[in-house]
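K.L.:
Fold the following and give me the result.
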Amino acid sequence: MEVHEFSPVADLVVELNNDEPESNRHCFLVSAAALRVASPVWRKILDPDTGFAPLGTIEVNGKQYRKTTVYGTTVETLSIFFDIFHYKTAKTPRKVAFSTLQGIALLADEFDISTALSPWPQFWIESCLEDKNPYSQSSEGTAAEIWLFIGIIFSNAVIVERASRYLLLHLRVATNVESSETQGLTRWIPLLFRTGVVQKKMEGEWYTEIDLNLELIPQTILNFILTERRELLREILEPIKLFARELLTESSGSQKCANVDCFSMALGSLTRSFTTGLLQNLIFMEDWEHPKYSLSEAYSAIRELEMTTFVFRKKRRSVAECRHRQNFPGFRDPLLRNITNPEVLSLTRELDSKWGGPYEFFHRSSISYSNIAKQPDASGEFEVCPLAKEFLDLQKAAKEKYMNIVGYIAPETGS
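P.N.:
Numbering: from 1, shown residues only. Presented below is the predicted three-dimensional model:
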């Protein structure tokens with residue numbers, strides 16, 4: 001048995017029991033008064049009038065002490081606690097490993113001593129956040145539930161908001177939100193290397209799916225995440241869904257693009273983009289019974305949607321609108337072969353010299369790849385189909401909504 005002394009007037013032994021042989025256990029000689037002041041839980045345990053079972057005794061260094069036992073923590077964690085409680089803060093580290101911070105938070109929760117540790121938790125949190133590697137075991141993505149728990153225990157609203165936001169963005173739900181069942185809740189975490197596990201690429205990064213650790217998430221915050229996820233999926237996907245449905249009705253679509261060839265290409269390219277991605281059933285979805293995919297998946301899928309239209313010369317506004325309604329010969333040939341219309345040939349030559357290639361004869365409208373970014377202002381020489389502009393605006397609106405998602409913020413309590 002190894003003995004650790006923290007007070008010259010020690011009158012209590014705290015035994016650390018991690019199911020090892022008694023000879024290998026650690027005993028901490030402490031002041032019962034210090035523990036009473038720091039922890040209301042220990043105060044009740046040590047008070048003979050609270051109804052708790054009387055404490056046992058143990059002999060240490062030839063002297064009898066009352067004994068209480070702590071389970072499932074480490075010597076380092078208990079030593080940090082007792083140094084602070086006995087005013088030996090010169091020994092208290094300003095930096096700790098993430099696993100140690102997690103152990104401190106768990107013990108602080110068990111014995112209700114987070115206030116007595118102040119201001120040290122803020123130093124420890126900052127030291128653990130110095131690791132900016134998104135793939136480390138302590139990253140805010142990989143360990144989101146743990147960070148959420150740490151933020152709650154130490155009343156760090158910033159950490160709570162950031163951790164809950166990550167869970168909100170990456171949560172997947174296999175069960176109905178109204179159900180009391182908590183099975184089927186998973187989330188995405190960053191993945192450094194592609195492996196044989198379930199994985200998905202979103203916004204250029206690989207992720208793998210893990211079960212949500214519900215033990216560390218209070219029900220209030222879990223309810224917030226589930227409710228917000230449902231509403232945000234609706235707000236992000238509904239405009240894209242309605243736009244695609246309108247295009248399926250030719251009369252509705254032709255009000256925005258009367259050029260048959262341009263409209264047909266727009267409809268075909270967007271439909272193909274839908275059918276090859278995550279949102280293939282979105283157009284025909286009649287209700288919002290909790291799509292399984294996460295907000296991050298939905299946004300990534302919206303980014304990947306593409307719609308191809310034509311680029312038109314714009315000499316005067318009235319002429320541009322007129323020409324947009326014409327069916328130019330040669331547009332039906334996807335490889336631009338056998339184009340004989342002089343005006344079309346002239347336009348392709350100008351595009352080749354000004355924009356770097358005749359492929360710009362077509363405009364691919366996508367938030368991740370858009371020729372609009374290369375175009376001059378509204379008074380310039382060329383113009384893009386109104387459908388392409390509207391579609392890109394919808395993608396930009398989805399991006400803005402996604403980027404401005406906020407995690408859980410505790411309501412202010414009245415004074």
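
K.L.:
Mean pLDDT per helix and strand in the protein: which one sits at the bottom?
P.N.:
helix 317-324 (a mean of 39; mean pLDDT, DSSP states H and E).

K.L.:
Measure how far stretch 113-126 is from the centre of its chain, please.
P.N.:
Distance of stretch 113-126 from its chain centroid, counting by C-alpha atoms, centre = their mean, to the nearest Å, is 25 Å.

K.L.:
Tell me the buried residues in the longest helix anywhere in the chain?
P.N.:
When the chain is parsed with DSSP state H, its longest helix is helix 219-248. Buried residues in helix 219-248, defined by neighbour count with 16 or more other C-beta atoms under 10 Å: 221-222, 224-226, 228-230, 232-233, 236-237, 239-241, 243-244, 247. Placement of C-beta: from N, CA and C, glycine included.

K.L.:
for the stretch 151-300 of the chain, what spans make up the strands?
P.N.:
For the stretch 151-300 of the chain, applying DSSP state E, counting those that start in this stretch gives strands covering 171-173, 185-190, 199-202, 205-211.

K.L.:
Those strands into CSV, with extra columns for distance to residue 6, mean pLDDT and mean neighbour count?
P.N.:
Supplementary listing: the strands of the stretch 151-300 of the chain in CSV, determined by distance: least, C-beta to C-beta, whole Å; pLDDT from 0 to 100; neighbours: other C-beta atoms under 10 Å:
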stretch, distance to residue 6, mean pLDDT, mean neighbour count
strand 171-173, 43, 90, 21
strand 185-190, 39, 86, 20
strand 199-202, 49, 73, 15
strand 205-211, 39, 82, 16
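
K.L.:
Can I get those in CSV including distance to residue 86?
P.N.:
Rendered in CSV, the data for the strands of the stretch 151-300 of the chain read as follows (distance: least, C-beta to C-beta, whole Å):
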stretch, distance to residue 86
strand 171-173, 43
strand 185-190, 40
strand 199-202, 49
strand 205-211, 40
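
K.L.:
Can you tell me which helices and strands the longest helix of the chain packs against?
P.N.:
Applying 3 or more C-beta pairs under 8 Å, 6 or more residues apart in numbering; DSSP states H and E, one finds that helix 219-248 contacts helix 157-170, strand 171-173, helix 250-254, helix 260-275, helix 295-304, helix 386-403.

K.L.:
which residues touch residue 74?
P.N.:
The neighbourhood of residue 74, defined by C-beta atoms under 8 Å, 6 or more residues apart in numbering, consists of 16, 100, 103.

K.L.:
and if we set it to 6 Å?
P.N.:
Counting by C-beta atoms under 6 Å, 6 or more residues apart in numbering, residue 74 touches residue 103.

K.L.:
Need the pLDDT of residue 230.
P.N.:
According to the prediction, residue 230 has pLDDT 90.

K.L.:
what about it, distance to residue 140?
P.N.:
Separation of residue 230 from residue 140 (C-beta to C-beta, to the nearest Å): 24 Å.

K.L.:
The strands of the stretch 151-300 of the chain: which one's closest to residue 161?
P.N.:
Of all the strands of the stretch 151-300 of the chain, strand 171-173 sits nearest to residue 161, with 15.6 Å by C-beta to C-beta.

K.L.:
what lines up beside that closest one in the sheet?
P.N.:
Sheet partners assigned to strand 171-173 using DSSP bridges are listed as strand 185-190 (antiparallel).

K.L.:
Next, the angle helix 219-248 makes with the strand it pairs with.
P.N.:
Using axes from the mean of the first three to the mean of the last three C-alpha atoms, to 10 degrees, one finds that strand 185-190 and helix 219-248 are set 80 degrees apart in direction.

K.L.:
now strand 185-190, how far from the chain's geometric center?
P.N.:
For strand 185-190, the distance from its own C-alpha centre to the chain's C-alpha centre is 9 Å (C-alpha atoms, centre = their mean).

K.L.:
which residues touch that strand?
P.N.:
Residues lying outside strand 185-190 but in contact with it, judged by C-beta under 6 Å, 6+ apart, are 134-135, 141-142, 170-172, 207, 209-212.

K.L.:
Adding distance to residue 42 as columns, could you present these in CSV?
P.N.:
Converted to CSV, these look like this (distance: C-beta to C-beta, whole Å):
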residue, distance to residue 42
134, 39
135, 39
141, 36
142, 33
170, 38
171, 37
172, 41
207, 43
209, 41
210, 36
211, 34
212, 33
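
K.L.:
picking up where we left off before, quick one, which of the strands of the stretch 151-300 of the chain is nearest to residue 389?
P.N.:
Across the strands of the stretch 151-300 of the chain (criterion: C-beta to C-beta), the nearest stretch is strand 199-202, sitting at 26.1 Å.

K.L.:
and the gap between residue 134 and residue 18?
P.N.:
When residue 134 is compared with residue 18 (using C-beta to C-beta), they lie 32 Å apart.

K.L.:
With residue 210 as the reference, measure out to residue 106.
P.N.:
In this structure, residue 106 and residue 210 are separated by 20 Å, where distance is defined by C-beta to C-beta.

K.L.:
which residue lies farthest from the center of this protein?
P.N.:
residue 62 (56.0 Å; C-alpha atoms, centre = their mean).
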